[in-house]
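S.K.: Return atomic coordinates for the entry below.
(chains A, B, C and D)
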Number of protein chains: 2
Amino acid sequence: MSSANSLAVEDLGSAAQRDRRKRILDATIALASQGGFDAVQMRGVAEQADVALGTLYRYFPSKIHLLVSALQREFERSEAALRDRPSDGDTAADRVINSLKRTTRGMQSDPQLTEALTRAFMFADGTVAAEIHQVGMLLTTMLTKAMYPEGHDQLTEEDVAIARVIGDVWLSALVGWVTGRSTAAETGQQIEVAVRLLLRD
Amino acid sequence: MSSANSLAVEDLGSAAQRDRRKRILDATIALASQGGFDAVQMRGVAEQADVALGTLYRYFPSKIHLLVSALQREFERSEAALRDRPSDGDTAADRVINSLKRTTRGMQSDPQLTEALTRAFMFADGTVAAEIHQVGMLLTTMLTKAMYPEGHDQLTEEDVAIARVIGDVWLSALVGWVTGRSTAAETGQQIEVAVRLLLRD
DNA sequence: AGCCAAAGTGGAACGTGTTCCTATTTTAGA
DNA sequence: TCTAAAATAGGAACACGTTCCACTTTGGCT
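M.R.: As a prediction, the model looks like this:
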């Protein structure tokens, strides 16, 4: 730990380090928004974040780590937005569909960024397991909260399994859209069909 | 078309061209089996296939195209095997689970190859849409045949939707396994749970 | 204040996917 | 059989992710 009296699980280091990390992720997202995965070039990120290339690699050991970390930050924002203003609807299916469509719409409003982050996520190998796991947890949380907006003492195994399946379909649909294999409308349709199959109240 | 009396939809060219193509895909699969995605290096494939680098790129415009084409060929073999000897079982769910587990087991017996092909598939962009679509069709065919082994006059939209969702989950599970985020057992479990949720007879 | 380890800088260098070019070989058609 | 076009060989060159190194700056401790 960098400071003896810190109790945080994640040690984010000094203020200067937090600042560098933020600048790097900001630069990453700016470049990704502009030109997608290919436009995120390590030399470019370093320059735009005003950091040496070696420093960039000290913070993020690969381009994939960098992009998945950016995804994590963005996703946390989405989840927070959903927490602030949950989707309403009469049935669990409606609420889940609404939540996913809102999130999807948000991502589709910045296609290049979404392309960059999604490609990185799908390409990530075992060395990025920690970050990937974080994102998966966020997604599951998001979905089960939509299923049980009041909160629930304990989720059944089936609840979690359903959330996981929905998450898988959502990711596949997103990949299809990102890689230009399906339209935004088809993506929405795909998600809706899957959710209605899985959550027939 | 290269020959006036060919009626095939896919023009495979002269015998020499078919042979080159086969050699290239053989070399690709050999290298992938041995060392996975990273071991498939374009110079190495060219050398092992006894073909110039430029020729390799004439046949397959990128490493991703190359690997997805290899996946397609392998997948056609799997589908044919399943067609020859369909999985039996009392319910649609049982047959689908058996089919997927057989296929999955086959892939898991060559982890490096599977890693290479799966990563390529997930990373593919719109320029590979044609090949990707082929693979998707094969998968859907495989699943609907397991659902209705006797054949069916016409599949309902729901049938196709279910097959698609199952395919998505299967791919996600495979990616999880390939990237070292889940074990073979978890992968099988994940598929089984999804199928039973979707196909409750 | 002075010291030392850690962090950062700047940039060279390497590997691999991809492009490009010229010379040679193969193939199809007159 | 001869010729023009297409395909292939062989390899240089380029781009970008990644590694490495020598040097400088920063920050905490005595």
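S.K.: Need the residue closest to the centroid of chain A.
M.R.: Nearest to the geometric centre of chain A sits residue A:75, at 3.7 Å (CA atoms, centre = their mean).
S.K.: Distance from the helix or strand containing that one to the middle of the chain?
M.R.: Secondary structure from DSSP states H and E places residue A:75 in helix A:63-84. How far helix A:63-84 lies from its chain's middle: 4 Å, per CA atoms, centre = their mean, to the nearest Å.
S.K.: Chain A against DNA strand C: which residues are in contact?
M.R.: A:16-17, A:20, A:50-55, A:58-59 (CB under 7 Å from any atom of the strand). Glycine gets a C-beta too; all of them are placed from N, C-alpha and C.
S.K.: rewinding a little: my guess is the residue nearest to the centre of chain A meets residue A:137, correct?
M.R.: No - if you go by CB atoms under 8 Å, residue A:75 and residue A:137 don't touch, sitting 10.1 Å apart.
S.K.: Tell me how far residue A:146 lies from DNA strand D.
M.R.: 35 Å (CB to the nearest atom of the strand, to the nearest Å).
S.K.: and the angle for the host helix or strand of that residue with helix A:63-84?
M.R.: Following DSSP H and E, one finds residue A:146 within helix A:129-147. In terms of direction (axes from the mean of the first three to the mean of the last three CA atoms, to 10 degrees), helix A:129-147 departs from helix A:63-84 by 20 degrees.
S.K.: near chain B, anything from helix A:129-147?
M.R.: Yes - under the criterion of CB under 8 Å from any CB of the partner chain, helix A:129-147 makes contact with chain B via A:129, A:132-133.
S.K.: Quick check: what element follows that helix along the chain?
M.R.: With DSSP H and E, the next secondary element past helix A:129-147 is helix A:157-178.
S.K.: can that next one be found next to chain B?
M.R.: Yes - for helix A:157-178, a contact with chain B is found by CB under 8 Å from any CB, at A:158, A:161-162, A:164-165, A:168-169, A:171-173, A:175.
S.K.: Return the residues of chain A in contact with DNA strand D.
M.R.: Residues of chain A lying near DNA strand D (CB under 7 Å from any atom of the strand): A:14, A:16, A:38, A:40-43, A:53-54, A:57, A:61-64.
S.K.: try 6 Å
M.R.: A:14, A:16, A:41-43, A:53-54, A:57, A:62-63 (CB under 6 Å from any atom of the strand).
S.K.: per-residue pLDDT, residue A:8?
M.R.: In this model, residue A:8 is scored at 42, pLDDT.
S.K.: any low-confidence regions in chain A?
M.R.: Low-confidence regions of chain A, defined by pLDDT under 70, span residues A:1-12.
S.K.: Could you confirm whether the longest helix anywhere in it reaches chain B?
M.R.: Longest among the helix segments of chain A by residue count, using DSSP state H, is helix A:15-39. No - Helix A:15-39 does not reach chain B (CB under 8 Å from any CB); its nearest approach is 8.9 Å.
S.K.: returning to what we had before: of all the residues of chain A next to DNA strand C, which two lie farthest apart?
M.R.: A:16 and A:53 (18.3 Å; CB to CB).
S.K.: These two: who's more crowded?
M.R.: Ranked by neighbour count (other CB atoms under 10 Å in any protein chain shown), residue A:16 and residue A:53 place residue A:53 first, with 12 against 8.
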